[in-house]
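Chemist: let me see the structure of the following:
(2 chains)
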Amino acid sequence: MSSKVLVALRIKAAPLRVFEVFTADIGAWWRPNDLFSFTPRSPGVLAFEGAGEARGEGVRLVERLPSGKVFEIGPVRVWTPGERLVFGWRQATFAPGMDTEVEVRFEAVGDETRVTVEHRGWDTVPIEHVARHHFPDGVFLHRHGAWWRDLLESLRQSMISPSP
Amino acid sequence: MARASLTSALCYRDPKAALKWLEAAFDFELVMLIEDADGNLAHSEMKFGDSLVMIGTEWTDQHRSPASIDGLNTQTVHIKVEGDVDAHCQRARAAGAEILMEPADQFYGDRTYRCRDLEGHFWTVGAAVKAVSREEAEAASGLKIQGWM
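Modeler: Modelled structure (predicted):
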(Lines give C-alpha, C1' and ligand atoms only; values in the text may rest on other atoms or scores of the structure.)
Protein backbone atom coordinates (compact mmCIF):
# COMPACT_ATOMS: atom_id res chain seq x y z
CA MET A 1 0.00 0.00 0.00
CA SER A 2 2.06 2.95 -1.10
CA SER A 3 -0.35 5.28 -2.84
CA LYS A 4 -1.35 7.71 -0.13
CA VAL A 5 -3.51 10.71 0.70
CA LEU A 6 -2.71 12.54 3.93
CA VAL A 7 -4.58 15.49 5.39
CA ALA A 8 -4.30 17.04 8.83
CA LEU A 9 -5.75 19.83 10.85
CA ARG A 10 -5.98 21.00 14.44
CA ILE A 11 -9.04 20.99 16.63
CA LYS A 12 -9.27 22.86 19.90
CA ALA A 13 -10.14 19.92 22.14
CA ALA A 14 -8.37 17.05 23.86
CA PRO A 15 -7.38 13.99 21.78
CA LEU A 16 -9.76 11.68 23.62
CA ARG A 17 -12.69 14.02 23.02
CA VAL A 18 -11.85 14.34 19.31
CA PHE A 19 -11.57 10.55 19.06
CA GLU A 20 -15.00 10.18 20.69
CA VAL A 21 -16.64 12.64 18.32
CA PHE A 22 -14.86 11.15 15.30
CA THR A 23 -16.20 7.69 16.12
CA ALA A 24 -19.46 8.13 18.03
CA ASP A 25 -20.77 11.10 16.00
CA ILE A 26 -19.53 10.16 12.55
CA GLY A 27 -23.12 9.99 11.34
CA ALA A 28 -23.53 13.66 12.20
CA TRP A 29 -20.33 15.24 10.86
CA TRP A 30 -19.76 13.02 7.81
CA ARG A 31 -20.43 14.70 4.46
CA PRO A 32 -21.14 12.31 1.57
CA ASN A 33 -19.54 13.00 -1.78
CA ASP A 34 -21.17 11.82 -5.02
CA LEU A 35 -17.78 11.05 -6.54
CA PHE A 36 -16.91 8.62 -3.79
CA SER A 37 -20.19 6.81 -3.03
CA PHE A 38 -19.77 3.55 -1.17
CA THR A 39 -22.76 1.96 -2.94
CA PRO A 40 -25.16 2.85 -5.75
CA ARG A 41 -27.83 3.32 -3.07
CA SER A 42 -25.76 5.74 -1.00
CA PRO A 43 -25.73 8.07 0.79
CA GLY A 44 -26.78 6.61 4.05
CA VAL A 45 -25.60 7.28 7.58
CA LEU A 46 -22.17 6.17 8.74
CA ALA A 47 -21.57 4.49 12.08
CA PHE A 48 -18.93 2.50 13.90
CA GLU A 49 -21.01 -0.53 14.84
CA GLY A 50 -20.04 -2.37 17.98
CA ALA A 51 -18.04 0.56 19.31
CA GLY A 52 -17.88 0.89 23.05
CA GLU A 53 -18.96 -2.69 23.61
CA ALA A 54 -15.75 -4.64 23.33
CA ARG A 55 -13.08 -1.94 23.18
CA GLY A 56 -12.62 -2.20 19.45
CA GLU A 57 -13.05 -5.95 19.09
CA GLY A 58 -15.34 -6.65 16.17
CA VAL A 59 -16.06 -3.00 15.51
CA ARG A 60 -16.75 -2.11 11.90
CA LEU A 61 -17.48 1.05 9.96
CA VAL A 62 -20.77 0.75 8.13
CA GLU A 63 -23.11 2.84 6.07
CA ARG A 64 -26.76 2.38 6.99
CA LEU A 65 -28.58 2.88 3.71
CA PRO A 66 -32.00 4.47 3.26
CA SER A 67 -33.27 1.06 2.09
CA GLY A 68 -32.53 -0.36 5.52
CA LYS A 69 -29.58 -2.38 4.28
CA VAL A 70 -26.22 -2.04 5.97
CA PHE A 71 -23.03 -1.88 3.91
CA GLU A 72 -19.75 -2.68 5.62
CA ILE A 73 -17.10 -0.16 4.62
CA GLY A 74 -14.46 -1.95 6.59
CA PRO A 75 -13.45 -3.58 9.84
CA VAL A 76 -11.69 -1.61 12.53
CA ARG A 77 -8.12 -2.87 12.83
CA VAL A 78 -6.81 -0.54 15.53
CA TRP A 79 -8.98 1.15 18.16
CA THR A 80 -6.88 3.12 20.64
CA PRO A 81 -9.07 5.90 22.05
CA GLY A 82 -7.40 9.29 22.00
CA GLU A 83 -4.50 8.02 19.92
CA ARG A 84 -5.11 5.96 16.85
CA LEU A 85 -7.83 4.46 14.71
CA VAL A 86 -7.31 2.21 11.69
CA PHE A 87 -10.09 0.79 9.55
CA GLY A 88 -10.56 -0.81 6.16
CA TRP A 89 -12.30 1.10 3.40
CA ARG A 90 -13.91 -0.46 0.37
CA GLN A 91 -16.65 0.49 -2.00
CA ALA A 92 -19.28 -1.97 -3.17
CA THR A 93 -17.71 -2.12 -6.64
CA PHE A 94 -14.30 -3.22 -5.37
CA ALA A 95 -13.21 -6.65 -6.56
CA PRO A 96 -11.41 -9.06 -4.24
CA GLY A 97 -7.90 -7.84 -3.68
CA MET A 98 -8.88 -4.20 -3.90
CA ASP A 99 -8.57 -2.81 -0.42
CA THR A 100 -7.75 0.57 1.00
CA GLU A 101 -7.10 1.51 4.59
CA VAL A 102 -7.58 4.65 6.66
CA GLU A 103 -5.41 5.52 9.64
CA VAL A 104 -6.42 8.41 11.89
CA ARG A 105 -3.96 9.75 14.43
CA PHE A 106 -4.85 12.05 17.32
CA GLU A 107 -1.89 13.97 18.77
CA ALA A 108 -1.95 16.61 21.49
CA VAL A 109 -0.32 19.89 20.45
CA GLY A 110 -0.64 22.35 23.32
CA ASP A 111 -4.34 22.59 24.10
CA GLU A 112 -5.27 21.38 20.62
CA THR A 113 -5.39 18.03 18.86
CA ARG A 114 -3.71 17.49 15.55
CA VAL A 115 -5.87 15.05 13.62
CA THR A 116 -4.12 13.30 10.75
CA VAL A 117 -5.93 11.10 8.26
CA GLU A 118 -3.82 8.84 6.09
CA HIS A 119 -5.76 6.98 3.41
CA ARG A 120 -3.56 4.46 1.64
CA GLY A 121 -3.85 1.60 -0.79
CA TRP A 122 -5.51 3.26 -3.78
CA ASP A 123 -2.83 1.58 -5.89
CA THR A 124 -4.79 -1.67 -5.36
CA VAL A 125 -7.68 -0.13 -7.32
CA PRO A 126 -6.76 0.03 -11.01
CA ILE A 127 -6.91 3.42 -12.67
CA GLU A 128 -9.53 2.14 -15.14
CA HIS A 129 -11.83 1.02 -12.30
CA VAL A 130 -15.22 2.76 -12.08
CA ALA A 131 -14.42 4.11 -8.60
CA ARG A 132 -11.72 6.28 -10.13
CA HIS A 133 -13.99 8.04 -12.63
CA HIS A 134 -11.36 8.00 -15.40
CA PHE A 135 -9.31 10.56 -13.48
CA PRO A 136 -5.54 10.37 -13.86
CA ASP A 137 -4.04 9.00 -10.64
CA GLY A 138 -2.81 12.34 -9.33
CA VAL A 139 -6.10 14.10 -10.00
CA PHE A 140 -8.09 11.34 -8.34
CA LEU A 141 -5.91 11.36 -5.24
CA HIS A 142 -6.06 15.14 -5.09
CA ARG A 143 -9.88 15.13 -5.29
CA HIS A 144 -10.01 12.47 -2.62
CA GLY A 145 -7.67 14.49 -0.43
CA ALA A 146 -9.83 17.58 -0.88
CA TRP A 147 -12.82 15.57 0.29
CA TRP A 148 -10.96 14.36 3.38
CA ARG A 149 -9.99 17.96 4.07
CA ASP A 150 -13.66 18.95 3.90
CA LEU A 151 -14.56 16.03 6.15
CA LEU A 152 -12.05 17.01 8.81
CA GLU A 153 -13.21 20.60 8.59
CA SER A 154 -16.77 19.37 9.15
CA LEU A 155 -15.57 17.39 12.17
CA ARG A 156 -13.87 20.52 13.48
CA GLN A 157 -16.94 22.66 12.92
CA SER A 158 -19.13 20.11 14.69
CA MET A 159 -16.92 20.48 17.75
CA ILE A 160 -17.02 24.26 17.71
CA SER A 161 -20.79 24.49 17.44
CA PRO A 162 -22.31 21.19 18.50
CA SER A 163 -25.70 20.36 17.06
CA PRO A 164 -28.56 21.06 19.49
CA MET B 1 -9.58 26.71 6.57
CA ALA B 2 -10.39 29.44 4.07
CA ARG B 3 -7.88 29.66 1.26
CA ALA B 4 -5.88 32.81 0.75
CA SER B 5 -6.09 34.30 -2.74
CA LEU B 6 -2.37 33.85 -3.31
CA THR B 7 -0.39 30.70 -2.54
CA SER B 8 3.24 30.05 -3.40
CA ALA B 9 4.28 26.69 -4.82
CA LEU B 10 7.96 25.82 -4.39
CA CYS B 11 9.98 23.18 -6.21
CA TYR B 12 12.43 20.89 -4.46
CA ARG B 13 14.59 18.04 -5.66
CA ASP B 14 13.71 16.23 -2.46
CA PRO B 15 10.36 17.62 -1.36
CA LYS B 16 9.90 15.09 1.43
CA ALA B 17 13.11 16.29 3.03
CA ALA B 18 11.86 19.84 2.56
CA LEU B 19 8.64 19.05 4.46
CA LYS B 20 10.66 17.93 7.47
CA TRP B 21 13.06 20.85 7.19
CA LEU B 22 10.36 23.50 6.91
CA GLU B 23 8.61 22.10 9.97
CA ALA B 24 11.84 22.12 11.98
CA ALA B 25 13.02 25.53 10.78
CA PHE B 26 9.85 27.56 10.39
CA ASP B 27 7.21 25.61 12.33
CA PHE B 28 5.24 24.97 9.16
CA GLU B 29 2.67 22.20 9.59
CA LEU B 30 1.89 19.59 6.98
CA VAL B 31 -1.82 19.66 6.13
CA MET B 32 -1.91 17.67 2.90
CA LEU B 33 0.33 15.11 1.25
CA ILE B 34 -0.40 12.98 -1.78
CA GLU B 35 1.91 10.18 -2.83
CA ASP B 36 1.67 8.12 -6.00
CA ALA B 37 1.82 4.33 -6.24
CA ASP B 38 5.62 4.46 -6.13
CA GLY B 39 5.61 6.55 -2.97
CA ASN B 40 6.73 9.71 -4.77
CA LEU B 41 5.34 13.02 -3.57
CA ALA B 42 2.67 14.21 -5.99
CA HIS B 43 1.38 17.19 -4.05
CA SER B 44 1.70 18.69 -0.61
CA GLU B 45 0.62 21.69 1.36
CA MET B 46 1.96 23.18 4.58
CA LYS B 47 0.17 25.67 6.77
CA PHE B 48 1.54 28.62 8.67
CA GLY B 49 -0.77 31.13 10.32
CA ASP B 50 -3.57 31.79 7.86
CA SER B 51 -1.57 30.81 4.78
CA LEU B 52 -0.40 27.80 2.84
CA VAL B 53 2.64 26.95 0.76
CA MET B 54 2.70 24.08 -1.67
CA ILE B 55 5.85 21.96 -1.67
CA GLY B 56 6.42 20.02 -4.86
CA THR B 57 8.91 18.38 -7.13
CA GLU B 58 10.68 19.65 -10.22
CA TRP B 59 7.58 18.48 -12.03
CA THR B 60 8.32 19.79 -15.53
CA ASP B 61 11.48 20.70 -17.40
CA GLN B 62 10.72 24.31 -16.61
CA HIS B 63 10.33 23.81 -12.86
CA ARG B 64 13.60 23.77 -10.97
CA SER B 65 14.84 23.97 -7.43
CA PRO B 66 17.61 26.52 -6.85
CA ALA B 67 19.74 23.44 -6.09
CA SER B 68 19.49 22.55 -9.78
CA ILE B 69 20.25 26.00 -11.20
CA ASP B 70 23.33 27.17 -9.37
CA GLY B 71 21.35 28.60 -6.47
CA LEU B 72 19.41 31.09 -8.54
CA ASN B 73 16.01 32.21 -7.28
CA THR B 74 13.27 33.86 -9.31
CA GLN B 75 11.07 34.66 -6.35
CA THR B 76 11.26 34.64 -2.59
CA VAL B 77 8.61 33.98 0.00
CA HIS B 78 8.16 36.31 2.95
CA ILE B 79 7.03 34.96 6.30
CA LYS B 80 5.22 37.34 8.60
CA VAL B 81 5.49 36.21 12.18
CA GLU B 82 3.88 37.39 15.37
CA GLY B 83 6.44 37.73 18.09
CA ASP B 84 10.15 37.24 18.41
CA VAL B 85 12.01 37.33 15.10
CA ASP B 86 15.35 36.65 16.76
CA ALA B 87 14.02 33.44 18.32
CA HIS B 88 12.59 32.48 14.95
CA CYS B 89 16.00 33.03 13.41
CA GLN B 90 17.68 30.89 16.07
CA ARG B 91 15.29 28.06 15.38
CA ALA B 92 15.91 28.29 11.65
CA ARG B 93 19.66 28.38 12.18
CA ALA B 94 19.48 25.33 14.42
CA ALA B 95 17.61 23.49 11.67
CA GLY B 96 20.37 24.28 9.22
CA ALA B 97 19.26 27.52 7.60
CA GLU B 98 22.07 29.64 6.25
CA ILE B 99 21.47 33.10 7.66
CA LEU B 100 22.19 35.64 4.92
CA MET B 101 21.19 38.66 6.97
CA GLU B 102 20.92 38.63 10.74
CA PRO B 103 17.78 40.09 12.34
CA ALA B 104 17.75 43.87 12.00
CA ASP B 105 15.22 46.68 12.42
CA GLN B 106 13.98 48.15 9.14
CA PHE B 107 12.89 51.72 8.40
CA TYR B 108 9.33 50.58 7.76
CA GLY B 109 8.88 49.29 11.29
CA ASP B 110 9.60 45.56 10.89
CA ARG B 111 12.44 43.52 12.29
CA THR B 112 13.56 41.06 9.63
CA TYR B 113 16.12 38.48 8.72
CA ARG B 114 16.89 36.59 5.53
CA CYS B 115 18.02 33.01 5.07
CA ARG B 116 18.57 30.24 2.58
CA ASP B 117 16.99 26.81 3.01
CA LEU B 118 18.34 23.32 2.39
CA GLU B 119 18.01 23.61 -1.40
CA GLY B 120 18.82 27.28 -1.74
CA HIS B 121 15.41 28.95 -1.64
CA PHE B 122 15.62 32.42 -0.10
CA TRP B 123 13.17 33.23 2.66
CA THR B 124 12.66 36.55 4.40
CA VAL B 125 11.09 36.66 7.84
CA GLY B 126 9.75 39.70 9.60
CA ALA B 127 7.58 40.94 12.44
CA ALA B 128 6.13 44.39 13.03
CA VAL B 129 7.95 45.92 15.99
CA LYS B 130 7.12 49.60 15.62
CA ALA B 131 4.34 51.71 14.11
CA VAL B 132 5.87 53.97 11.44
CA SER B 133 4.01 56.60 9.44
CA ARG B 134 4.54 57.08 5.73
CA GLU B 135 6.25 60.42 6.40
CA GLU B 136 8.64 58.82 8.86
CA ALA B 137 9.42 56.00 6.46
CA GLU B 138 10.04 58.45 3.62
CA ALA B 139 12.29 60.58 5.82
CA ALA B 140 14.25 57.56 7.01
CA SER B 141 14.67 55.99 3.60
CA GLY B 142 14.74 58.90 1.19
CA LEU B 143 12.17 57.05 -0.90
CA LYS B 144 8.88 58.32 -2.26
CA ILE B 145 6.28 55.87 -0.99
CA GLN B 146 2.78 55.24 -2.31
CA GLY B 147 0.17 52.91 -0.95
CA TRP B 148 1.40 52.99 2.66
CA MET B 149 -0.72 50.81 4.96
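
Chemist: list the helices and strands the least confident helix or strand in chain B by mean pLDDT packs on?
Modeler: Lowest on mean pLDDT, DSSP states H and E among the helices and strands of chain B sits helix B:134-141, with a mean of 89. Judged by 3 or more C-beta pairs under 8 Å, 6 or more residues apart in numbering or on different chains; DSSP states H and E, helix B:134-141 is in contact with no other helix or strand. For glycine as for every other residue, the C-beta is placed from the backbone atoms N, C-alpha and C.

Chemist: for chain A, what lies in contact range of chain B?
Modeler: Residues of chain A found near chain B (C-beta under 8 Å from any C-beta of the partner chain) are A:2-10, A:114, A:122-123, A:137-138, A:141-142, A:145, A:149, A:153.

Chemist: can you list the buried residues in the lengthiest helix in chain B?
Modeler: Using DSSP state H, we find that the single longest helix of chain B is helix B:15-26. Neighbour counts over helix B:15-26 (16 or more other C-beta atoms under 10 Å in any protein chain shown) mark B:15, B:16, B:18, B:19, B:21, B:22, B:25, B:26 as buried.

Chemist: OK, contacts around the last one?
Modeler: Listed by C-beta atoms under 8 Å, 6 or more residues apart in numbering or on different chains, the contact partners of residue B:26 are B:48, B:79, B:88, B:91, B:92, B:123, B:125.

Chemist: what about the strand or helix carrying residue A:140, average pLDDT?
Modeler: Counting by DSSP states H and E, the element that carries residue A:140 is helix A:137-160. Here helix A:137-160 scores 93 as its mean pLDDT.

Chemist: residue B:100 is in contact with residue B:115, isn't it?
Modeler: Yes: with contacts counted by C-beta atoms under 8 Å, residue B:100 reaches residue B:115, the gap being 5.8 Å.

Chemist: so how far is residue B:102 from residue A:46?
Modeler: 54 Å (C-beta to C-beta, to the nearest Å).

Chemist: kindly report the same for residue B:58.
Modeler: For residue B:58, the distance to residue B:102 - C-beta to C-beta - is 31 Å.

Chemist: any weak-confidence spans in chain B?
Modeler: B:1 (pLDDT under 70).

Chemist: how far out from the middle of the chain is the lowest-mean-pLDDT helix or strand in chain A?
Modeler: In chain A, no helix or strand scores lower on mean pLDDT, DSSP H and E than helix A:137-160, which sits at a mean of 93. Put simply, helix A:137-160 sits 10 Å off its chain's centre (C-alpha atoms, centre = their mean, to the nearest Å).
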